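Peer 1: Generate a structure from the sequence data that follows.
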Amino acid sequence: MRGHSFLIGQYQAGNSWLHRTPYLVKLLGMAAVGALCYLLPLLWPPGWLPVLLLLAGLVACYPLAGLSWRSLMGSLKLLWPVLVFLAGYQFWSKGWTEGWPVAVNLVAVLLSCVYAAGLLSLSTPVQEVLDGLAALVRPLRPLGVDDEKFALTVSIMFRSIPYLLGSYADVHDAAKARGLERSIRAHVLPTVIATVGLAQSTGEALAARGLGD
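Peer 2: Below is the predicted model of the structure:
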């Protein structure tokens, strides 16, 4: 099974200002980016310009934090079909004159959110992410929330997503080698089997450690 990178990237070790920033502060910053993507067009027309400036600032944070340009290009490589579709739909439905500001705004908002999440993911070890999330939900203990199980759930998600993406990539390569790259059945069935197998093995491992409930 070959590895598969997240859309937002995997942790890159470093000692930059971003790496030293506490996780919860970075999480609040990512939430602030999402809020600004909504508020800036309302407060500072034309709407696409402030969001584009926000995107430029996020892109500049990558080299300033010692993160590789490959991380930026990797996200863009995976996102470009979605970006083209969103922009093309705006041009088709609104025409060029009215469509291009909306298209630029949509593309800038999507990239801003992805790159903000990438800054957090690339500069934060997984264990620190889990500890931060556990601390975030700890005040909810009186309501019956188990912060350790919550962190365990997130950890399983982090481990499962790249496995499943890698599994699908392997299935696609195998189908392509057999001339079945257009066959839905050749893609879906092996991927579902791999997903069920992962779920069963994970459940058995948790049950063996008394964590099945």
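
Peer 1: Can you pull the domain assignment for the protein?
Peer 2: In terms of domains, the chain is parsed into 1-124, 126-213 (source: automatic domain parsing).

Peer 1: Any idea how far the shortest one is from the middle of the chain?
Peer 2: Computed by CA atoms, centre = their mean, to the nearest Å, the chain-centroid distance of domain 126-213 equals 15 Å.

Peer 1: Okay, buried residues for stretch 185-203 please.
Peer 2: For stretch 185-203, the neighbour count (16 or more other CB atoms under 10 Å) marks 186-187, 190-191, 194, 198 as buried. (C-beta placed from N, C-alpha, C; glycine too.)

Peer 1: So which of these are in helices?
Peer 2: Among the buried residues of stretch 185-203, the ones falling in helices (DSSP state H) are 186-187, 190-191, 194, 198.

Peer 1: got the CA positions of stretch 140-156 in PDB?
Peer 2: Extracted in PDB, the C-alpha atoms of stretch 140-156 (Å, rounded to 0.1, in the frame of the first residue of the first chain):
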ATOM      1  CA  LEU A 140     -17.700  19.400  28.300                       C
ATOM      2  CA  ARG A 141     -16.900  16.500  30.700                       C
ATOM      3  CA  PRO A 142     -19.800  17.400  32.900                       C
ATOM      4  CA  LEU A 143     -22.100  16.800  29.900                       C
ATOM      5  CA  GLY A 144     -20.700  13.300  29.500                       C
ATOM      6  CA  VAL A 145     -18.100  14.000  26.800                       C
ATOM      7  CA  ASP A 146     -15.000  11.800  27.100                       C
ATOM      8  CA  ASP A 147     -12.100  13.900  25.800                       C
ATOM      9  CA  GLU A 148      -9.700  10.900  25.600                       C
ATOM     10  CA  LYS A 149     -12.100   8.900  23.500                       C
ATOM     11  CA  PHE A 150     -12.700  12.000  21.300                       C
ATOM     12  CA  ALA A 151      -9.000  12.300  20.700                       C
ATOM     13  CA  LEU A 152      -8.800   8.600  20.000                       C
ATOM     14  CA  THR A 153     -11.500   8.900  17.400                       C
ATOM     15  CA  VAL A 154      -9.700  11.800  15.700                       C
ATOM     16  CA  SER A 155      -6.500   9.800  15.800                       C
ATOM     17  CA  ILE A 156      -8.200   6.800  14.100                       C
END
